[in-house]
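give me a 3D structure for the following:
(3 chains)
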Amino acid sequence: MQPFTERVVTIIKAIPEGKVMTYGQIAREAGSPRAARQVVRVLHSMSRKHRLPWHRVVNTKGQIAIQDDESHQEQLFSLESEGVEIGLNGIIDLEKYQYHPSDF
DNA sequence: GCCATGGCTAGTA
DNA sequence: GCCATGGCTAGTA
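Now for the predicted structure:
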């Protein structure tokens, strides 16, 4: 596993229950501000193997980014069951639910 | 080439 | 709706 990937995995693992982080935010925390798509890559390819809380990652607008219906529903359900509220517009209030790691 | 993003800007190469 | 972004991998030489 490459250093960047390792950092991304570590960061994602540290997102607490009931909180979310953003693709771009994770990329920044990992030291590569424009590497949001790499965060996507990591989530897509390593979520199972590393048991990542992949459902706690949303886009910068606070929306579930995943397109596939089944996965989309699963993410929605997982978040709601952790107490994350999702509006009828599909938007999560980031002011309220975004996790800001202070230590890394 | 992939990818579940992010930003939405204007002048230069 | 468009397009620059970038770390990584598969596949080729």
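
up against DNA strand B, what does chain A have?
Residues of chain A lying close to DNA strand B (C-beta under 7 Å from any atom of the strand) are A:22-25, A:36-41, A:43-44, A:47, A:54, A:57, A:59-61, A:65-67, A:71. The way it works is simple: take the backbone N, C-alpha and C, and place the C-beta from them, glycine included.

hey, where'd the strands end up in chain A?
Assigned by DSSP state E, chain A shows strands spanning A:21-22, A:57-58.

any chance of those in CSV, plus mean neighbour count and mean pLDDT?
CSV is the format used below for the strands of chain A (neighbours: other C-beta atoms under 10 Å; pLDDT from 0 to 100):
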stretch, mean neighbour count, mean pLDDT
strand A:21-22, 22, 96
strand A:57-58, 26, 96
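
just the ones in helices from the residues of chain A next to DNA strand B, please.
Among the residues of chain A next to DNA strand B, the members found in helices (DSSP state H) are A:23-25, A:36-41, A:43-44, A:71.

return the set of residues that bridge with the spatially most central residue of chain A.
Nearest residue to the geometric centre of chain A (C-alpha atoms, centre = their mean): A:V57, 1.4 Å. Per DSSP bridges, the residues bridged to A:V57 are A:M21.

for it, give its distance to A:E82.
13 Å (C-beta to C-beta, to the nearest Å).

again with A:R51
In this view, A:R51 and A:E82 are 16 Å apart by C-beta to C-beta.

who has more neighbours, these two?
Between A:R51 and A:E82, counted using other C-beta atoms under 10 Å, A:E82 has the larger neighbour count: 16 against 9.

quick one: that one and A:P16 touch, right?
No. With contacts defined as C-beta atoms under 8 Å, A:E82 does not count as touching A:P16, sitting 9.2 Å away.

what do the two both touch?
Counting by C-beta atoms under 8 Å, 6 or more residues apart in numbering, A:E82 and A:P16 have no common neighbour.
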